[in-house]
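> Would you be able to build a 3D model of this:
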Amino acid sequence: MPNSDRQGGPNLCPCGNNASYEECCQPLHLRQKSAQTAEQLMRSRFCAFVKEQWQYLLDTAHPKETAPNAIEELKNWSTTKTWGMLKILKTRQGKTNNDTGEVEFVAFYQEPSASSGSEAKPILHQHHEYSHFEKIDSHWMFTQGIAQEPIKVNRNEPCPCNSGKKAKKCCLA
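Numbers count the residues shown, from 1 in each chain. Next up, the predicted model:
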């Protein structure tokens, strides 16, 4: 599952906003624009994992939340993952006129199976989180994430790995 082919096509942004990466998250990653809402920042941070934009992840996290070796930790945690779908479940506040916001999301990813052999199928996982955001100097910043229990994947929905198949014919098979 190549990282460039997310959310329905090779040119669409991995964040799921049905726009090209060049029109959607890339201007944020290049610091040409700033996120206007907490959800937009959340989506651009997910995309940063897919695109391995480690410095962007640090730059958009509240300074009190970053450790000295944070880039290495991010790389080590993300290296074996192949990112799939981002599903935004709920947002609270986080609009342009707010100073705080919350986004509940699920990020789906695959990791290699522990079984050996060429037939070993990657395992679908999910990271379900409530993320808290705060506007600092008019810029949205990630302040805290609280992990949640996994959600149920509907068998008849598109598979979260973005294979284009239904979940029951793919990762849930």
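> all contacts plus neighbour counts: C-alpha atoms, from now on.
Noted.
> hey, where'd the helices end up in this protein?
26-29, 38-51, 54-59, 70-78 (DSSP state H).
> Please name every helix or strand in contact with the longest one.
To tie it back to what came earlier, the one meant is helix 38-51. Helix 38-51 is packed against helix 26-29, helix 54-59, strand 82-93, strand 100-111, strand 139-147, with contacts defined by 3 or more CA pairs under 8 Å, 6 or more residues apart in numbering; DSSP states H and E.
> what's the weakest-modelled helix or strand in the protein?
helix 70-78 (a mean of 88; mean pLDDT, DSSP states H and E).
> between it and helix 38-51, how big is the angle?
70 degrees (axes from the mean of the first three to the mean of the last three CA atoms, to 10 degrees).
> Enumerate residues external to helix 70-78 that contact any of its residues.
With CA atoms under 8 Å, 6 or more residues apart in numbering as the contact definition, helix 70-78 has outside contacts at 49, 52, 54-55, 58.
> what about the residue nearest to residue 168 when sequence neighbours are not counted, neighbour count?
Of all residues not flanking residue 168 in the chain, residue 155 sits nearest, at 4.7 Å (CA to CA, 6 or more residues apart in numbering). Using other CA atoms under 10 Å, the number of residues around residue 155 comes to 15.
> My read is that residue 155 contacts residue 170, right?
No: the criterion here is CA atoms under 8 Å, and residue 155 misses it with residue 170 at 9.4 Å.
> Which residues are in contact with the closest residue to residue 61 other than its chain neighbours?
Take residue 61 and drop its neighbours on the chain: the residue closest to it by CA to CA, 6+ apart is residue 142, 4.5 Å away. Contact partners of residue 142, counting by CA under 8 Å, 6+ apart, are 42, 60-62, 131-134.
> one step back: which among the helices of the chain is found nearest to residue 85?
For the helices of the chain, proximity to residue 85 was assessed by CA to CA; helix 38-51 is nearest, at 9.5 Å.
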